[in-house]
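Engineer: predicted model, plus sequence, below.
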Amino acid sequence: MGDRHAQRQSRRCRRNRRRNAVNSTIKQWDSTQRQLVNAAVTAGSVLVCLLILPVRLPGMELLGVAPNWLLIWVVSWSVKRTALQGAIAGFTLGLIQDGMTAPQPTHALSLAIVGLLTARIQKQRYIQEDFVSVALIVFGMAVIAETITALQFSLPGFGFFRSGTFRTLSEIWLYHQRIALSSAILSSLWAPAVYYPLNRWWERMNAIEQTPT
């Protein structure tokens, strides 16, 4: 037991030394350099989510549905930001997703609402580095996003009448229920994989920016 404790302490010390070395290096940069690096990391994380969005790997698919990586990113971004910042991020990523898939139904509306609602949550009360809370938020937001998509399918001009048949809103929701639940389950399970590294990076950058030089 003593040896195991000593090994854990040694690993913890090594991690702290590496973290301090990284922080020391970042602090040596001027404010412009830090902002550029932060923007590059943020944009790079969006690019990674966009690239893996159409990928179907083992363990990342349920009933033909994959995690909604962009929704996870929007929730991770909006958790500690204003409602306006969350809505703008969601709207922007939604437009990008529309360009990759199809403009109808639009993803911009659902992701903008997700960013807005996530930012409006009382984060100080429910989110304190709690992966379970983030996963629950992602689950709820995924259901909301898919519901908004189903509602759009019920409107003329969103590919609903192209088949020449009419479907009621209840029929549309029954069809999308499988997608909504599958997307919510998978997205909530994979949410910590996106939230944890991004949140740690953004917190580190904010702490460095607030540290007096």
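Structural biologist: Alright, I've got the coordinates.
Engineer: phi, psi of P58?
Structural biologist: P58 has phi and psi values of phi -60, psi 130 when expressed as degrees, to the nearest 10.
Engineer: and if you look at M60?
Structural biologist: When read as degrees, to the nearest 10, the backbone of M60 gives phi -120, psi 20.
Engineer: next one: L62
Structural biologist: Dihedral pair for L62: phi -140, psi 110, per degrees, to the nearest 10.
Engineer: in contact with it, which residues?
Structural biologist: Taking CB atoms under 8 Å, 6 or more residues apart in numbering, we find L62 in contact with S182, I185, L186. Placement of C-beta: from N, CA and C, glycine included.
Engineer: ok, so what distance separates the last one from R200?
Structural biologist: Translated: L186. 23 Å (CB to CB, to the nearest Å).
Engineer: okay, those two: which has more neighbours?
Structural biologist: More crowded of L186 and R200, by other CB atoms under 10 Å: L186, with 23 against 12.
Engineer: need the contact list for the more buried one.
Structural biologist: Contact analysis of L186 by CB under 8 Å, 6+ apart lists M60, E61, L62, V65, A66, P67, N68.
Engineer: what residues are bridge-paired with the third one?
Structural biologist: Going back to what we said before, that points to L62. Legend: beta-bridge partners of L62 under DSSP bridges are V65.
Engineer: what's the pLDDT at it?
Structural biologist: With respect to pLDDT, L62 has a value of 72.
Engineer: ok, longest helix in this structure?
Structural biologist: The single longest helix within the chain, with elements called by DSSP state H, is helix 169-210.
Engineer: got the contact list for P67?
Structural biologist: M60, S183, L186, S187, L189, W190.
Engineer: tell me which helix or strand it sits in.
Structural biologist: P67 belongs to no helix or strand when assigned by DSSP states H and E.
Engineer: what's around I208, how many residues?
Structural biologist: I208 has 17 neighbours, counted by other CB under 10 Å.
Engineer: same check, this time on A207
Structural biologist: Summarising burial for A207: neighbours were counted as other CB under 10 Å, giving 10.
Engineer: same thing with L116?
Structural biologist: For L116, using other CB under 10 Å, the count is 20.
Engineer: same check, this time on R34
Structural biologist: Around R34 there are 16 residues (other CB under 10 Å).
Engineer: brilliant, that's me finished.
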